[in-house]
Structures are given as C-alpha cells and as structure tokens.
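[1] Sequence first, then the predicted structure, then my questions.
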Amino acid sequence: MLRVFRPVVMLTMLVAISCGAVAQEVAVMRQKAIQFLEVTQDPGGSWTKSDAVGITGLVATSLLQSGKKPDDPMVSKALAFLVAQQQPTGGIHAPTSRHQNYETCIAMLALVEANKDGKYDEVLKKAESFLRGLQWDEGEGIESSDGAYGGAGYDSKQRPDMSNTQFFIEALKVSGVAADDPAMQKALTFVSRAQNLESPANPLPYAGKVNDGGFIYTPAKGGESKSGTTENGGHKSYGSITYAGLKSMVYAGLKADDIRVKAATEWIRKNYTLEENPGMAKQGLFYYYQTFAKTMAVLGAPEFKDATGTTHDWKKELVSKLARLQKPNGSWVNEADRWSEGDPNLVTAYCLIALHYCE
C-alpha cells in the first residue's frame, strides 16, 4: 500500500515546495518594491506629482494588497491625500482634471481596501453617486442604440472607452453594487459592443468584420482600436483590452457558457503570452500584466490551457516574468513609454497588484 501511494505523496510534496518557492519569490519582490515606493512618496502623500490622484490611488491599492495596513505611515498619508481630493460633486480627482472617472474609480479601489471599519463609507457613497452621473446614457442625450451607450470616459465630455469602463465596473463591484444593477447592465451593453463578435449583443456595423472574440478600445463613434484596422475596415483586437473586457463581463454577471465569454476566452487561448501585450508589442505591457492577473483570477483556475493544448501555471509564469524584469532598486519600468509606463511609481504599482493575484 505504501508503494502505491508514494508517487502521490511525492507529487504533493513537490507541489508544496513549488508553491512555497513562488511565495518566497513574491515576498522578496514585494519588499524591494515597497522600499522603492517609500523613497519616492512626496511629503504630501502622493506619488509622481502633487495632483496625481490616479497614480497615488494605484500605489495605495498595491500597498494594501501587499499586506500594508491602513494605519501604516506611508499608506495613511496616501489615503489622507485621496480623501482630500474629493470634490463637492463627490468625484475624487484633482480640481482641474480631465480624468475624473479614472481617478475616482482608482481612488475608490484604494479606499475600499482600507475601509475595514466603515471609515470611508460616506466618501465612497458620494464617489459612487458621482460615477453613476458620468455614465453615458440618456442623461447625455444619447439613445440606447448608440455605440457610446453605457460606457465611461475620462469625464462627462470625452467619449467612453474600455479602459475607463473596466475601472468603472470594478469600482462599482468592489463597492458592493450588484451585477444586475442598472448601471452595471448599461456598462455591459457598452462592453459587449466593444467585442469583435457578431451577436445579438453587438449589432454595430464592424462587429463581424474581425469576429475573433477579442476586444477593441471603444465602440463609440464607429469604433477604434489602439492596434489599428484591418483591410476590410474592422478594428483589430488586442490583449490588455480583451482581458479587461472578459473580466468586466464576468463582473457584470455573465457566466462561462455565455457566447461572449466563450469567444473572449478562446481569443485568450489563441493569444496567450507574457512576452508582450498581444497586438501592441511592449506598449501598455504592465497595464496588461495587472489586467491579465485579475482576469485569470476571475476565471478561477490555477492553470490555463492555450489553443495548442499547452497547460500554463499562469501564476508561476507571471511571477517568474516579473522577477526577471524588476530593477535593482525594486521598481519596474517600461522602456516603451506609452500611457505613462515610463513612470516607475505607476508601473511598480501595476506589478504589485499583479503579484497580489498570484498568491
């Protein structure tokens, strides 16, 4: 009997050793990153710039998800900075910011992480109300058939996009908003129309021109992809936004057997990689990593099989990749400096958030 069970015991031990090694690697990376962020925080509690609400919110979230407590001196200064940015409208952003949705959503992610005793309930309630007012719907004078309907842009004047909308959906979700809430379902309408999938949920003209299940940047105003267009006038799908779209659909209540979820998951199977942001090369690579990690966690499996039949231990692979990319001073930075990824504070926050989902 012992001889029969020994291979199982050995396998269990090897898995435990592997998990322990990954956890140790994560702990070392975290410590180095936190030491870097301790040095780069401004006296007023922010990072990068005194009005950088979005970056500060992401850093604060990453620190809290890395085990720091709300009363940690570095974190408490950051939280106080975020609360001080709440405007009379309820939005949490710099007074003259044109990134009001993005900054408010990200500030909410940090404040929810820190809100274990209800300290930020009122701040969050006002912020949620503000976000609902920004959503593109009848209040902006558009019909439900419009490609912009249900989405969130940087503010109430700039057309909605998938990046802002994924943060909008996530901020509502972590604040306790149900998937069947009207704001979530309107957002799902927008997200579904950002998918290159000919279906009842996407009647827009470009839907079937690529039809690969991936996502584009926005379905508003005829559609746009940061990855470019195809010869037939379609908009190319790309990695970071496809992961964002899939995650957003699940947050808004879609199940694994929904045609939209199946198509997005299949796109990911065909394009699985950690070497680049598929369709964008190195641009937005670290935004891609943190969105990849969140989405894989939402799918709920420790392993993911790609279209070739290869099984990936995605957590181990991502940890290994980030370990190779971390700088000696503990930071991460993208040499392809687009979307502010030349800023080590922002990119280090992305990486710490990604590592949180690898635990």
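    Right, received. Where do you want to start? All values reported here derive from a predicted model rather than from experimental measurement.
[2] show me what contacts the spatially most central residue of the chain?
    By CA atoms, centre = their mean, the chain has its centre lying nearest to Thr291, at 4.0 Å. Residues in contact with Thr291 (CB atoms under 8 Å, 6 or more residues apart in numbering) are Gln166, Ser240, Tyr243, Ala244, Lys247. Heads up, the C-betas are built off the backbone N, CA and C, glycines and all.
[3] next one: phi and psi at it?
    Geometry field for Thr291 lists phi and psi as phi -70, psi -40, criterion degrees, to the nearest 10.
[4] where's it relative to Ala207, distance?
    23 Å (CB to CB, to the nearest Å).
[5] what does Thr265 give?
    Taken as CB to CB, the span from Thr265 to Ala207 is 18 Å.
[6] neighbour count winner among those two?
    More crowded of Thr265 and Ala207, by other CB atoms under 10 Å: Ala207, with 21 against 17.
[7] That one touches Ala194, doesn't it?
    No - Ala207 is beyond contact range of Ala194, at 10.0 Å (criterion: CB atoms under 8 Å).
[8] okay, the contacts of Thr291 in a markdown table with secondary structure next?
    A markdown table is the format used below for the contacts of Thr291 (DSSP: H, G, I helix; E, B strand; the rest coil):
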| residue | secondary structure |
| --- | --- |
| Gln166 | helix |
| Ser240 | helix |
| Tyr243 | helix |
| Ala244 | helix |
| Lys247 | helix |
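[9] and of those, the nearest to Gly342?
    Closest approach between the contacts of Thr291 and Gly342, by CB to CB: Ser240, at 16.9 Å.
[10] and the closest residue to the closest one other than its chain neighbours, how many neighbours?
    Of all residues not flanking Ser240 in the chain, Tyr288 sits nearest, at 4.1 Å (CB to CB, 6 or more residues apart in numbering). Residue neighbour count, defined by other CB under 10 Å, stands at 26 for Tyr288.
[11] contacting residues around Tyr288?
    With contact set as CB under 8 Å, 6+ apart, Tyr288 has these partners: Gly239, Ser240, Tyr243, Asn277, Met280.
[12] how far away is it from Ala27?
    Applying CB to CB, the value for Tyr288 to Ala27 is 24 Å.
[13] confidence score at the residue lying closest to the residue nearest to the centre of the chain once chain neighbours are set aside?
    In space, and not counting its chain neighbours, Thr291 is closest to Tyr243: 4.5 Å by CB to CB, 6+ apart. Note on Tyr243: pLDDT of 98.
[14] quick revisit: of the contacts of Tyr288, which pair is most distant in space?
    Most distant of these, by CB to CB, are Tyr243 and Met280, 12.1 Å apart.
[15] Compare the two and say which is more crowded by neighbours.
    Shown here are Tyr243 and Met280; by other CB under 10 Å, Tyr243 has more neighbours (29 against 23).
[16] Can you give me every residue that contacts the more buried one?
    Ile268, Tyr288, Thr291, Phe292, Lys294, Thr295.
[17] quick one: which two of those are the most distant?
    Among the contacts of Tyr243, the pair separated by the greatest distance (CB to CB) is Ile268 and Lys294, at 13.0 Å.
[18] the bottom helix or strand of this structure by mean pLDDT?
    Within the chain, no helix or strand scores below helix 2-40, which has a mean of 70 by mean pLDDT, DSSP states H and E.
[19] Many thanks, we can stop here.
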